[in-house]
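Colleague: quick one, what's the 3D model for this:
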Amino acid sequence: MRHLACVAVALLATVTGFAQKDSTKNAPDTIKVGNFIIVKKNKDNGHESNVRVSISSDPNRKRKETNLSTNWFIFDLGFANYRDQTNYTTAQSTGYLQQINGSAKVDQNSTSLNSGKSSNVNIWFFMQKLNLSKHVLNLKYGFGLEMYNFRFDRNISYRKDPQPYIFNDSISFSKNKLYAGYLSVPFMINLNPTPGKRHGFNFSAGVSAGYLVGSHIKQISNERGKQKIHNDFNLNPWRLALVGEIGLGPIRLYGSYSINKLHKDFTGMEQYPYAVGIRFSSW
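Modeller: Down below sits the predicted model:
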């Protein structure tokens, strides 16, 4: 017991010595050891002092940054639309826009979208951030699936036989959308003015390249029921886009704008998809 008492007295003396040495940076009864704060509390009622030592993590410590960090399974949820620059008079001559059974000519109104129901959902299997300079300047890149659902406001229809074409249909649809999915690889330069801070401000900008891996038209009507027709519909197999991201606290917003057209050149269609939304990511 005498040995234990001696050890305890020595330990207390060591702790007291540390507290005195660190008094220039902390309160007189506080010492910092690694990632912890040790606080000595005294109670003096005219009798012998009681000493308590409590340990708590340092709320101001910075997150340790690594030169290469990986974020798995990031989800995006946003709205989609496209900028339509099609000259429909010229496009009529390509044969991609057709009139079936006396239907009206396809024009800009025919392909207008319901903005509130046109969506963009992305699943990034991974994203990595590579330190380029002091964790302030970084390279971000990843790999994932971008999914666009263009919900039409009118009764436009896509067909694939004998060759893909579109026309104004004769019936009304309760649901009428074009789906396009791309496997994509984004590359962005990231600027982070407050490295090590989990919820600081940062932004990224760059480009993304994607390849079309699936597309279909889905329609629901009383006359035909539910229809889903799979085809590429002469959509452009490649998608090149400008991409960006802004992080402010726990909130992250993203944006994407295609710099090439949704459809192949010979169709005469000049529509450039874009999307904005929320990104669910830890950095």
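
Colleague: dump whichever helix or strand S157 is part of to CSV, restricted to CA.
Modeller: S157 is located in strand 156-159, with elements delineated by DSSP states H and E. Output of strand 156-159 as CSV, limited to C-alpha atoms (Å, rounded to 0.1, in the frame of the first residue of the first chain):
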residue,chain,number,x,y,z
ILE,A,156,-44.4,13.8,-78.0
SER,A,157,-43.5,10.1,-78.8
TYR,A,158,-40.2,8.4,-79.7
ARG,A,159,-40.3,5.3,-81.9
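
Colleague: got the contact list for that strand?
Modeller: 106, 110-111, 164-169, 176, 178, 217, 219, 229, 231, 233 (Cβ atoms under 8 Å, 6 or more residues apart in numbering). For the C-beta atoms, the positions are set from N, CA and C on the backbone; glycine is no exception.

Colleague: parallel or antiparallel, list what pairs with that strand.
Modeller: strand 165-168 (antiparallel) (DSSP bridges).

Colleague: any idea which helix or strand comes after the partner strand?
Modeller: Assigned by DSSP H and E, the successor of strand 165-168 is strand 175-191.

Colleague: pull out the buried residues from the helix or strand just after that following strand.
Modeller: Using DSSP H and E, the helix or strand that follows strand 175-191 in sequence is strand 202-221. For strand 202-221, the neighbour count (16 or more other Cβ atoms under 10 Å) marks N202, F203, S204, G206, S208, G210, S215, H216, I217, K218, Q219, S221 as buried.

Colleague: any idea what the third one is bridged to?
Modeller: Pointing back at S204 there. As assigned using DSSP bridges, the partners bridged with S204 are N190, E245.

Colleague: next one: it from L139, what distance?
Modeller: Separation of S204 from L139 (Cβ to Cβ, to the nearest Å): 10 Å.

Colleague: so A91 sits in a helix?
Modeller: Yes. According to DSSP: H, G, I helix; E, B strand; the rest coil, A91 belongs to a helix.
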